[in-house]
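>>> pasting the structure only:
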C-alpha cells in the first residue's frame, strides 16, 4: 500500500471528524492536481446528521465511547443518539486544537526594534472560508496543507496495521461513493437520451397534428359549401329549430353538425339546438 501524503491526510481528517467532531458523514475532495506538490488544497463539507453514540442495556447501564464501540448494539436496546448541528466557531476551535500542535514554525526577528518577531509556518494545516451553508445546513470550506521536506503536520498512525485498516475502510467508502456517482451519471445520460428522443417525437407529433387539423378544417369547409349549394337548389326550405321561421338562402347558417339555423338565432346559441354540438369559428 502506497502511503502518499494525500492518503495520510485523509486518514488524519477522518480521525478528526470521527473522534473530535463526533460524526461519520463528511466529504473531502483534494483539489490539487499534482499530489506530489508541497501544498495541497482540499474542499470539505460536513452535513447535519444524527449519530448513535451508545445504548442503554437491559440492566439500565449506559454504554458510550470506547465501551460502546467494542460492543454490538442489540436490536431491542435503546440507542443514545446525538444530533450534530454544524457551527463554525466550534469547528474552527476543534480543528486548531487537533492540527496546530503539529505545526512547524520558525520565528524571524523583526527589522525594526520593539516589534515582535515574525512567525513563518514551514509546515502546517489551516482551514479557511469556513461557513455554514444557509440552504443545506452543511459546514463547508477549504483546507490548506503545507509540507516542508519530510515533516508531516498532523498525527500519523505509527502502527502499520491500524493505518492499513483505516485506509482500507476509507478506500471502501470512496469506491462505494464513486460507484454511486458513476451510476447516477449513467442514469443522467440515459435520461438525457430519452429526453432528446421524446422531444423529437413531440415535434413530429405536433407537425402531424398541425397537418391533420388543417386537413380537417378544409374538409369541413368543403362539406359546408356543398351543403349550402345543395340547400340553394331545394324548392322547399327548412324551418329554423329556434324561431321556426323559414330559413332563406341569404339567412342560412350551417354549423359543423350540419343542422341548419337562421342567421338571427345563431348568435344567441352556443351549441346546436338539435344535437347540442358546440358551435365554432367555422360555422358560416
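Received, thanks. In this text the structure is predicted, and so the values were computed from the model without any measurement.
>>> so what's residue 263 closest to, chain neighbours aside?
residue 251 (4.3 Å; CB to CB, 6 or more residues apart in numbering). Placement of C-beta: from N, CA and C, glycine included.
>>> For the one helix or strand residue 179 maps to, name the packing helices and strands.
Here residue 179 is covered by helix 160-232, with elements defined by DSSP states H and E. Applying 3 or more CB pairs under 8 Å, 6 or more residues apart in numbering; DSSP states H and E, we find helix 160-232 packed against helix 5-15.
>>> Now do the helix it packs on against helix 160-232, angle only.
Counting by axes from the mean of the first three to the mean of the last three CA atoms, to 10 degrees, helix 5-15 points 90 degrees away from the direction of helix 160-232.
>>> chain center to whichever helix or strand comes after helix 5-15: distance?
Using DSSP H and E, the helix or strand that directly follows helix 5-15 along the chain is strand 27-30. A distance of 18 Å separates the centroid of the chain from that of strand 27-30, by CA atoms, centre = their mean, to the nearest Å.
>>> Partner strands of strand 27-30 and their direction?
strand 39-46 (antiparallel) (DSSP bridges).
>>> Show me what the strand it pairs with is in contact with.
The contact list for strand 39-46, computed with CB atoms under 8 Å, 6 or more residues apart in numbering, reads 5-6, 9, 13, 17, 21, 23, 25-32, 86, 91, 133, 138-147.
>>> Just the buried subset of those residues, please.
5-6, 9, 13, 17, 21, 23, 26, 28, 30, 86, 91, 138-141, 143, 145-147 (16 or more other CB atoms under 10 Å).
>>> can you list the domains in the chain?
As given by automatic domain parsing, the domain ranges for the chain are 5-188, 199-268.
>>> Take the ones you listed and write them to TSV, including distance to residue 276 and mean pLDDT.
Formatted as TSV, these follow (distance: least, CB to CB, whole Å; pLDDT from 0 to 100):
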stretch	distance to residue 276	mean pLDDT
domain 5-188	50	85
domain 199-268	9	90
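>>> Any idea which of those gets closest to residue 275?
Smallest distance to residue 275 across the domains of the chain (CB to CB): 5.2 Å, for domain 199-268.
>>> pretty sure the residue nearest to residue 263 is in contact with residue 262, am I right?
Yes - between residue 251 and residue 262 there is a contact at 4.9 Å, judged by CB atoms under 8 Å.
>>> quick one, which of those two is more surrounded?
The neighbour count for residue 251 versus residue 262, taken as other CB atoms under 10 Å, is higher for residue 262 (20 against 17).
>>> Excluding sequence neighbours, find me the nearest residue to the more buried one.
Closest residue to residue 262 apart from its sequence neighbours, by CB to CB, 6+ apart: residue 240 at 4.0 Å.
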